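Asks: Generate a structure from the sequence data that follows.
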Amino acid sequence: MRYRAGTAFFVRTVWLVLATAGCARLSHAQQASPEDAVQWLGKIYQATQSLSYSGTFVYQQGEHSESSRIVRSAGPHGSVEKLEALDGAPREILRTDDAVKCYLPSQRIVKVDRRSHKRAFPALLPARIGVLEQHYRIRKGDIYRVAGYECQLIELEPKDNYRYGYRFWADVRTGMLLKAVTLNSEGKALEQFTFTQLAIGPVASSELRAPQTNANWRVEDADVTPVDVEAAGWSIAPGIPGFAKVVEVKRKLHQTGQVDQVVYSDGLAAISVFIEPETPGREMRPLGLSSMGAINIYTRRVADHLVTVVGEAPAGSVRKIADAVRFHAPK
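Replies: Numbers count the residues shown, from 1 in each chain. Below you'll find the predicted structure:
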């Protein structure tokens, strides 16, 4: 899932930002219909799209944790969002409706990308909530307190082994998402985001200003354009129920190369397939499987290319898609 933050903003794999903390139970869950739980997901989606707010959240993965400050202003003319990393190397991300800029002061670099299918905490849910019912059992849980807010717990249990489970805690008054946890098949938390402080309401425009730069800063544009990988000879047959293709683009890689990216999603989880030609002399990404929290990465060689699949899904799902990538020279 997703606010994935880090110094690598849109590396060859995928870029991400994350968050955590604790909460205390207030009351026991009441009997509720699945329809009621699905309606709650709709309420969460609407809140994260329409509300303005500022706050601090923590991402936790194992023993690693990272704090970030977020400010968002929503209005009739669109939204503006600013994310500032509070730990590690300084970095700020500024998002508008159609563009993302990542400022790295220590390197004097601004990385520019376009809005894609990728969602980020707290705006994790899709507009079409109903599609989630096909592959997740959705139910209401207890009422908890998170960052001073009474929150309703909503649980999503996968109906198969191709995806993770999730728990969402939302403010009972506004529906704002305050905590999100990703769970493996054993119910163990792989990663989690939690607001430790949140103020819902209008924010000052001064809080959304871009960092100051000058002529010494370098701008790196991902230069994203549409692409048809099938026309170039590539075929991908995911073979995983519910994961449909949502984005197919070519983006700039480093200063000279390019990489094709195809994104599949079940409405909540996303899996990206990256296809890039092998470049002599450049350090090669390790082949095989690696992981980071809920993210699994699988790389293999296909027809003098590196195929890297990056997914917010179990390792078996990521490898299954990687093994399904084929190349046939176009006639």
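
Asks: now the strands: where do they sit in the stretch 201-331 of the chain?
Replies: 218-221, 225-226, 234-236, 244-253, 257-265, 270-277, 288-292, 295-302, 305-311, 325-327 (DSSP state E, counting those that start in this stretch).

Asks: Quick one: low-confidence residue ranges for the protein.
Replies: Low-confidence segments of the chain, defined by pLDDT under 70: 1-34, 115-118, 254-256, 281-283.

Asks: For the biggest helix by length in it, what is the distance to the chain centroid?
Replies: Criterion DSSP state H: the longest helix present in the chain is helix 34-50. On the basis of CA atoms, centre = their mean, to the nearest Å, helix 34-50 is displaced by 18 Å from the centre of the chain it belongs to.

Asks: what does it rub up against?
Replies: By CB atoms under 8 Å, 6 or more residues apart in numbering, the residues outside helix 34-50 that reach it are 74, 79, 122-127, 129-130, 132-133, 137-140, 152, 154, 168, 170-171, 174-177. Quick note: C-beta positions are derived from backbone N, CA and C, even for glycine.

Asks: Any of the residues you listed buried? List them.
Replies: 74, 79, 122-126, 129, 132-133, 138-140, 152, 154, 168, 170-171, 174-177 (16 or more other CB atoms under 10 Å).

Asks: before we move on, back to that, of all the strands of the stretch 201-331 of the chain, which one is nearest Tyr53?
Replies: strand 270-277 (24.2 Å; CB to CB).

Asks: Would you mind giving the orientation angle of the closest one with respect to strand 257-265?
Replies: Relative orientation of strand 270-277 and strand 257-265, computed by axes from the mean of the first three to the mean of the last three CA atoms, to 10 degrees: 160 degrees.

Asks: pretty sure Val310 contacts Val263?
Replies: No. The criterion here is CB atoms under 8 Å, and Val310 misses it with Val263 at 9.7 Å.

Asks: picking up where we left off before, select from the buried ones among the contacts of helix 34-50 every entry located in strands.
Replies: Of the buried ones among the contacts of helix 34-50, the ones assigned to strands by DSSP state E are 74, 79, 138-140, 152, 154, 168, 170-171, 177.

Asks: what's the farthest-apart pair in those residues?
Replies: So, those by CB to CB: farthest apart are Ser79 and Arg139, at 30.5 Å.

Asks: Between Val310 and Val263, point out the one with more neighbours.
Replies: More crowded of Val310 and Val263, by other CB atoms under 10 Å: Val310, with 27 against 22.

Asks: what's the closest non-adjacent residue to Arg128?
Replies: In this structure, Arg128 finds its nearest non-sequential neighbour in Gly267, 6.5 Å apart by CB to CB, 6 or more residues apart in numbering.

Asks: Count residues in the vicinity of that neighbour, would you?
Replies: 21.

Asks: what do you get for Glu150?
Replies: 14.

Asks: Let me see the contact set for it.
Replies: Applying CB under 8 Å, 6+ apart to Glu150 gives the contacts 26, 143-144, 171-173.

Asks: nearest to Ser291, of those residues?
Replies: Distances from Ser291 to the contacts of Glu150, taken by CB to CB, are shortest for Tyr144, at 28.9 Å.

Asks: how about the closest residue to Arg69 other than its chain neighbours, what does it touch?
Replies: With sequence-adjacent residues excluded and distances taken as CB to CB, 6+ apart, Arg69 is closest to Glu84, at 4.7 Å. Neighbour list for Glu84: 68-70, 91-93 [criterion: CB under 8 Å, 6+ apart].

Asks: out of these, who's nearest Pro280?
Replies: Using CB to CB, Arg91 is the member of the contacts of Glu84 that sits closest to Pro280, with 32.1 Å.

Asks: Distance of that closest one relative to Ile109?
Replies: Distance from Arg91 to Ile109, counting by CB to CB, to the nearest Å: 10 Å.

Asks: what's the overlap in contacts for the two?
Replies: Tyr103.

Asks: neighbour-wise, which of the two wins?
Replies: Arg91 (23 against 16).

Asks: circling back: from the ones in strands among the buried ones among the contacts of helix 34-50, which is closest to Asp221?
Replies: Closest approach to Asp221 among these (CB to CB): Ser79, at 21.9 Å.

Asks: residue contacts, the closest one?
Replies: Ser79 sits next to 49, 72-73, 95-97 when contact means CB under 8 Å, 6+ apart.

Asks: what's the answer for Trp234, then?
Replies: Neighbour list for Trp234: 260, 275, 325-327 [criterion: CB under 8 Å, 6+ apart].
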